[in-house]
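Chemist: Structure, please.
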Amino acid sequence: MHQIILSIGFGIVTASILSMGAVGFTLQFGVTNLFNLAFGDVMTIAAFVAYVVHNDAGASIWLALAAGGAAGMLSSVLIARLIYLPFMQRGTSQFAMVMVTVAVSIVFNNVLQIFSGTGFYGYALLPQASVHILGMVFTPRELVIIALAVVCMAGLHLLFKYTRIGKAMRATSDDASLARTCGIPTNRVTNFAWLASGLLCGLAGVALAMDLGTFSATTGGSFLLVIVAAAVFGSVGEPYGAMVGALVIGVASELAAVISPDLKDVVAFGLLVVVLLVRPEGLRSGRVQIRGEVTR
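Modeler: Numbering: from 1, shown residues only. From the prediction side, this is the model:
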């Protein structure tokens, strides 16, 4: 029983990281209708930027985390505007666009390996005393990661519900042509969506590297599979569903690790298969979705 409680604590940390990644991924898809498989490599870029800021420049890990988030924002917007958008404006099919994102992912991964090699890197973090909460064990850094995820999710909720840009995103996702006719600057809305999703992507990448202890050029790409599982679990394009998917998959995979670490991914994708068999459209399909088309 004690091991189960500990695993739930580990699952909460994993779910916090996963929620930032899954919501960022589903936000990109919801607004642009693009299944961006280079998302994980942007996470890795953010992790390396944070490594340079923290280990080489000597800044605090929290400043490095902010730098990683900024790197995610910048990378996402540049990729979207310089690579994805020109293809989309030519009417490239969705399947072809997926192949484009795969190509971008491969290019990024190989460029990262040219500069970093195949070795593993880790942040120079000092050991911290454990904090016991309800039988679960956390470090102060893990508690900050959990709090960061909660703040990000709460911020997105407030954004969608109460701000003009959030309402504009929902309008654009429902019918971009009608939104443009009504005077909504859909191009700016799409850019903002890439910025927001890039920020979450960067934060998730640095948080993942902190949680794992070490990372390499392939870390983000490997974690992308779990992110996609969480996003699809909760209905792709539905941020609230991605939050639920992240929590369920994060905790369930850590509980499975009590039996065997090899079962973590098996349980994550097993849950996904079950949900898709019962509800092929995802857990929260039919609720308020952030979907849309590409603006020219």
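
Chemist: May I have the residues that are in contact with Met210?
Modeler: Ile61, Leu65, Tyr123, Leu125, Arg141, Ile145 (CB atoms under 8 Å, 6 or more residues apart in numbering). Glycine gets a C-beta too; all of them are placed from N, C-alpha and C.

Chemist: nearest residue to the second one other than its sequence neighbours?
Modeler: Right, Leu65. Nearest residue to Leu65 in three dimensions, chain neighbours excluded: Val206, at 4.9 Å (CB to CB, 6 or more residues apart in numbering).

Chemist: circling back: of the contacts of Met210, just the buried ones, PyMOL syntax please.
Modeler: Buried residues within these, by 16 or more other CB atoms under 10 Å, are selected in PyMOL with:
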select buried, resi 61+65+123+141+145
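
Chemist: So which of the contacts of Met210 belong to helices?
Modeler: Judged by DSSP state H, helices contain the following of the contacts of Met210: Ile61, Leu65, Arg141, Ile145.

Chemist: Relative to Ser19, which of the residues you listed is nearest.
Modeler: Ile145 (10.6 Å; CB to CB).

Chemist: Does the closest one touch Val13 like I think?
Modeler: Yes: here Ile145 lies in contact with Val13, judged by CB atoms under 8 Å, at a distance of 6.3 Å.

Chemist: picking that back up, from the contacts of Met210, which has minimum pLDDT?
Modeler: Least confident entry in the contacts of Met210, by pLDDT: Leu125, with 90.

Chemist: which residues does that residue contact?
Modeler: With CB under 8 Å, 6+ apart, Leu125 has these contacts: Ile61, Arg141, Met210.

Chemist: phi, psi of it?
Modeler: Leu125 adopts backbone torsions of phi -100, psi 140, taken as degrees, to the nearest 10.

Chemist: repeat for the one 3 residues further on
Modeler: With angles defined as degrees, to the nearest 10, Gln128 sits at phi -130, psi 150.

Chemist: Can you give me the neighbour number for it?
Modeler: Close neighbours of Gln128, defined as other CB atoms under 10 Å, add up to 12.

Chemist: What confidence value was assigned to it?
Modeler: At Gln128, the pLDDT recorded in the model is 87.

Chemist: if I pick it, what's in contact with it?
Modeler: Thr139, Pro140, Arg141.

Chemist: I'd guessed the first one sits against Leu126; true?
Modeler: No: Thr139 lies out of contact with Leu126 (CB under 8 Å); the separation is 10.6 Å.

Chemist: Show me which of the two is the more surrounded one.
Modeler: Neighbour count, other CB under 10 Å: between Thr139 and Leu126, Thr139 has more, with 17 against 6.

Chemist: all strands of this protein, in order?
Modeler: Remark: strands assigned in the chain by DSSP state E are 131-133, 136-138.

Chemist: Nearest to Thr44, out of the ones you listed?
Modeler: Here strand 136-138 is closest among the strands of the chain (CB to CB), at 25.2 Å.

Chemist: tell me which residues of the closest one are tucked away?
Modeler: Met136, Phe138.

Chemist: just for the stretch 151-296 of the chain, where's the confidence low?
Modeler: Within the stretch 151-296 of the chain, the segments meeting pLDDT under 70 span 173-177, 180, 186, 280-296.

Chemist: What count of nearby residues applies to Ser130?
Modeler: Taking other CB under 10 Å as the criterion, the count of residues near Ser130 is 11.

Chemist: what do you get for the one 4 residues further on?
Modeler: Using other CB under 10 Å, Leu134 is surrounded by 7 other residues.

Chemist: Phi and psi next, for it.
Modeler: Torsion angles, degrees, to the nearest 10, at Leu134: phi 50, psi 40.

Chemist: Quick check: closest non-adjacent residue to it.
Modeler: Ile5 (7.5 Å).

Chemist: thought the one you found was touching Gly135?
Modeler: Yes: with contact defined as CB under 8 Å, Ile5 and Gly135 form a contacting pair (4.1 Å).

Chemist: could you pull out the helices for this structure?
Modeler: With DSSP H as the criterion, the chain has helices spanning 2-32, 39-51, 61-79, 85-89, 94-116, 140-162, 164-174, 176-181, 186-212, 219-233, 239-256, 263-278.

Chemist: Cheers, nothing more for now.
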